[in-house]
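>>> Got a predicted model here, sequence first, then my questions.
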Amino acid sequence: MLRFSIDLTGRVSVRRISLPLVLALFVATSGYGQQVIGSCPVLPADNIWNTPVDTLPVLSNSSSMINTISATTRVHADFGSGTWNGGPIGIPFITVAGTQPKYPATFYYPDESDPGPYAIPLTAPIEGGSTATGDRHAIAVDTDNCLLYSRK
């Protein structure tokens, strides 16, 4: 997987990030078992994130941990939890085939980047919507090759 960053001058930097690590941040598991996007496993079947925990004993210091993070504070989920300032909350992703056209990028930090090109469609959904400011992540998962491309 590749991570893209665009600085204020419009230069793009790209860096490789592991597919399982990043997808774990974006895919909320429902039920048990291994989650997939297309035919791509999000995490290995034996990964700790695929472990059912509803029948495990509660830790003796659970209340202390909850109090540390506040039992009354709301969690901000970055995987689609409404709108803010008129734009959608969350970092959307799009699935693409291995035949998706790839585009080059100019690197701001070439030592932190992998050479392109990158299979992110020009029409990929953007974090916060098309008029958003800020990071503006766009993510594409190539479901034929199980690669995740990200630009920011």
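That came through, no problem.

>>> list the contacts for S130?
With contact set as CB atoms under 8 Å, 6 or more residues apart in numbering, S130 has no partners. Heads up, the C-betas are built off the backbone N, CA and C, glycines and all.

>>> so what's it scoring on pLDDT?
Per-residue pLDDT puts S130 at 77.

>>> A71 now?
pLDDT at A71 comes out at 78.

>>> That one: neighbour count?
Counted with other CB atoms under 10 Å, the neighbours of A71 add up to 8.

>>> if I look at it, how far off is Y118?
Distance, A71 to Y118, by CB to CB, to the nearest Å: 42 Å.

>>> next one: S70
40 Å.

>>> The protein: helices as residue ranges?
Listed in chain order, the helices of the chain (DSSP state H) span 19-26, 62-69.

>>> Compare the ones you listed and say which comes out lowest on pLDDT.
helix 19-26 (a mean of 44).

>>> Now do stretch 92-102: distance from first to last residue.
19 Å (CA to CA, to the nearest Å).

>>> Let me fix that, I meant to ask about stretch 140-148.
6 Å.
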